[in-house]
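Visitor: pasting the sequence and the predicted model now:
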Amino acid sequence: MQERAYQALRHALIVGQLAPGKGISLRAMAEVIGVGIMPVRAAIARLSAENALAVHDNRRVSIPEMTMERFDQLMQARLLLEPACAMRALNVIDEAGLARIRSHDDQMNSSYETGDAELYMAANYAFHFEIYRAGRSEVLTHLLESVWMQFGPFMRKVYGMVGTAHLSDKHEMAINAIARRDVTSLKVAIEADILDGMDLLGKSIFTQAAEPGSPSSRRRSRASSGRARLTATE
């Protein structure tokens, strides 16, 4: 039961089913997954240790705040790990595997047409990890899933607001590179795909946070006012 709860929450984070900025009760999570409170509590403890969830004193959990430093580290991790996983898989992927990869990309295109951001997220995850798992790099793919857990909720929010039209399609480049066994082109396609997606994510998160009236902006304003008062009384 503990492993079932952990895998269910892990997947929910990766595909953005848990939204940032909202507290979630353990009981609500248990009801959605269909397990008891204890397995959920154990799963949350593991996910908290992986920096994917924050646990609060009121027995509610939330998505940890995304800072610029954390964002930069997540992007660096993706740029290091994902091309490495893809290149390990390149000579292992057979025709059946390539067909599955194409199918995931087709599902992404369909979800784009219907505006289904959650399905788009799930298909995007399936596309990438169909490639990465083919190389049987269990350590690397586990690390990558931990990284995806940390930005998934934010990416889902971005897709929900702006849709997916802002992303250029690097998946077709990756598919063609795999078909040709072209390691250089595959590396370029994966890196470009990461940079496109993370650029959209970063602009959306930090532009919104800087807007007047946003919670982060209000916190900065209060902090500035506090410093001004201290300066005035010195």
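Guide: Received it, and whenever you're ready, just let me know what you need.

Visitor: can you give me the pLDDT of Gly34?
Guide: We have a pLDDT of 86 for Gly34.

Visitor: my bad, should have said His104
Guide: His104 is assigned a predicted lDDT (pLDDT) of 97.

Visitor: can you name the next helix or strand after the helix or strand that it is a member of?
Guide: Mapping His104 onto the secondary structure by DSSP states H and E places it in helix 95-114. Downstream of helix 95-114, the next assigned helix or strand under DSSP H and E is helix 117-134.

Visitor: what is the mean pLDDT for that next one?
Guide: 93.

Visitor: buried residues in that helix?
Guide: Taking 16 or more other Cβ atoms under 10 Å as the basis for neighbour counts, the residues of helix 117-134 that come out buried are 117, 119-134. Yep, even glycine has a C-beta here, placed from its N, CA and C like the rest.

Visitor: any chance you could map the strands in this structure?
Guide: For the chain, the strands identified by DSSP state E occupy 24-25, 54-55, 60-62, in order along the chain.

Visitor: of all these, which one is nearest Tyr112?
Guide: Of all the strands of the chain, it is strand 24-25 that lies closest to Tyr112, at 28.3 Å by Cβ to Cβ.

Visitor: the closest one pairs with which strands?
Guide: The partner list of strand 24-25 in its sheet, established with DSSP bridges, is strand 60-62 (antiparallel).

Visitor: now do the buried residues in the strand it pairs with.
Guide: Buried residues in strand 60-62, counting neighbours by 16+ other Cβ under 10 Å, are found at Val61, Ser62.

Visitor: beta partners of Val55?
Guide: With DSSP bridges as the criterion, Val55 is bridged to Val61.

Visitor: list the contacts for it?
Guide: When the contact criterion is Cβ atoms under 8 Å, 6 or more residues apart in numbering, the partners of Val55 are Ile44, Ala45, Ser48, Val61.
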